[in-house]
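Undergrad: 3D model of this:
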Amino acid sequence: MTDLSKRSLMKLAALTAVASAALIGCGKKEEAAPAPAPAPAVVEAPKAEPLKIAFAYVGPVGDGGWTFAHDNGRKAVEAEFGDKVVTSFVENVPESADAERVIRDLASQGNKLIFGTTFGYMEPMLKVAPDFADVKFEHATGYKTAANLRTYDSRTYEGAYMAGVIAGSMTKTNTLGVVASIPIPEVIRNINSFTLGAQSVNPKVSTKVVWINSWFDPPKETEAATSLINGGADVLMQNTDSSAVLQTAEKMGKRAFGWDSDMTAYGPKAHLGSAVINWAPYYIKSTKDALEGTWSTGGVWWGHKEGAIDMVSIAEDVPAEAKAKIDEIKAGLKDGSFAIWKGPLMDQAGKEVLAKDVVADDAFLGGVKFYVKGVEGKVPN
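TA: Here you go, the predicted structure:
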């Protein structure tokens, strides 16, 4: 074989090798990267249904007193919890068979927290509660409970005592008057506390009482206030729900107090101060309990210490000494160093009901059915 032939064969082999390598290279294709997995769809958790809360009121929300104060508490719940709650109310629900019908209807409408805001709803609520085990019932000022019914109250006697301190400092006739609603321990306790407060600064004071057997009846309240003033009382307190007593005092040139809410505007010349109830702290707590599943039965009784009771808008002409005493009482109620009901304490007939240095417990206070010394007349049956 010639050299030329050898070179041609070598050249052909080289070309063949290159071609083979090229073919091998072309056959080894780069694999594409896998497509990213699609992001999982965001599924929003179903929004919790708002807690439905209902209030049954014994009077109109515009009474300026008891019911007005409760409705302010309801509004505070709405402001605190926003769309977590839905509230409603029924006003002017009488303390009768109608109360059971209304409360049962509120439970049937899907309300899971129901407040009955007067003493006379106690038995109706006890009847309804067992039929709605998933509903939480709250009864104001009562003393009977059930598995899903608890009671709550405000220590209104603390406000009455502070009003008495002011009244005893301001009276010129040493005769005070109280327009009273219904003769239950709550109201009798307030009359006595008012008198004890007055006597703490003026031992000569006595208190007259006119009962109207109603929580809200402006004409009767007016009539009772007029009768007390005509009988010599120059400073009036009430345990009724309207502003009629203060307005009557304003017209007749006497002095009086607001009750349950600040009533200054109803009788600015007559107004000495207002013993107010702030239901908001308790209603917010109860709602929080229901929302968080921590609600339980029992009884709750809050006063000035918890922010539920106060004496506000004290008149400018009240003596500085009386104002200072009110401040001392508030501080003592806050820290527990002051007790309103502390012995020795006598009833109207002079019988000792609390021995020296004995402080009344809640069981005693809840059963007060007597007048203290200085209150005139008899406790109605």
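Undergrad: Tell me which residues are up against stretch 133-146.
TA: 70, 103, 107, 111-119, 121-123, 125-126, 128-130, 147-153, 186, 286, 290, 295, 297-299, 366 (CB atoms under 8 Å, 6 or more residues apart in numbering). (C-beta placed from N, C-alpha, C; glycine too.)
Undergrad: next one: that stretch to chain centre, how far?
TA: Centroid displacement of stretch 133-146 relative to its chain, using CA atoms, centre = their mean, to the nearest Å, is 14 Å.
Undergrad: quick check: mean pLDDT across it?
TA: Regarding stretch 133-146, the rounded mean pLDDT is 97.
Undergrad: how long is it from one end to the other?
TA: Stretch 133-146 stretches 10 Å from its first residue to its last (CA to CA, to the nearest Å).
Undergrad: which parts of it are buried?
TA: Across stretch 133-146, burial judged by 16 or more other CB atoms under 10 Å covers 135-142, 145.
Undergrad: Over to stretch 76-85?
TA: Buried positions in stretch 76-85, judged by neighbour count with 16+ other CB under 10 Å: 76-77, 81, 85.
Undergrad: now Leu196: how far from Leu291?
TA: Relative to Leu291, Leu196 is positioned 40 Å away (criterion: CB to CB, to the nearest Å).
Undergrad: Which one's more surrounded, those two?
TA: Looking at Leu196 and Leu291 with other CB atoms under 10 Å, you find the greater number of neighbours at Leu196, namely 25 against 17.
Undergrad: Now do the SS call for that one.
TA: helix (DSSP: H, G, I helix; E, B strand; the rest coil).
Undergrad: mind starting the numbering at 46 from now?
TA: With 46 as the first residue, the last one maps to Leu241.
Undergrad: quick revisit: any chance of the buried residues of stretch 121-130 in TSV, with pLDDT and secondary structure too?
TA: What follows is the buried residues of stretch 121-130, written out as TSV (pLDDT from 0 to 100; DSSP: H, G, I helix; E, B strand; the rest coil):
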residue	pLDDT	secondary structure
Ala121	98	helix
Val122	98	helix
Phe126	98	helix
Val130	98	strand
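Undergrad: ok, so of these, who is nearest Met356?
TA: Taking CB to CB as the measure, Ala121 is the one of the buried residues of stretch 121-130 closest to Met356, at 20.3 Å.
Undergrad: Now do the contacts for that closest one.
TA: Taking CB under 8 Å, 6+ apart as the definition of contact, the neighbours of Ala121 are 324-325, 328-329.
Undergrad: do you know how far it is from Lys189?
TA: When Ala121 is compared with Lys189 (using CB to CB), they lie 27 Å apart.
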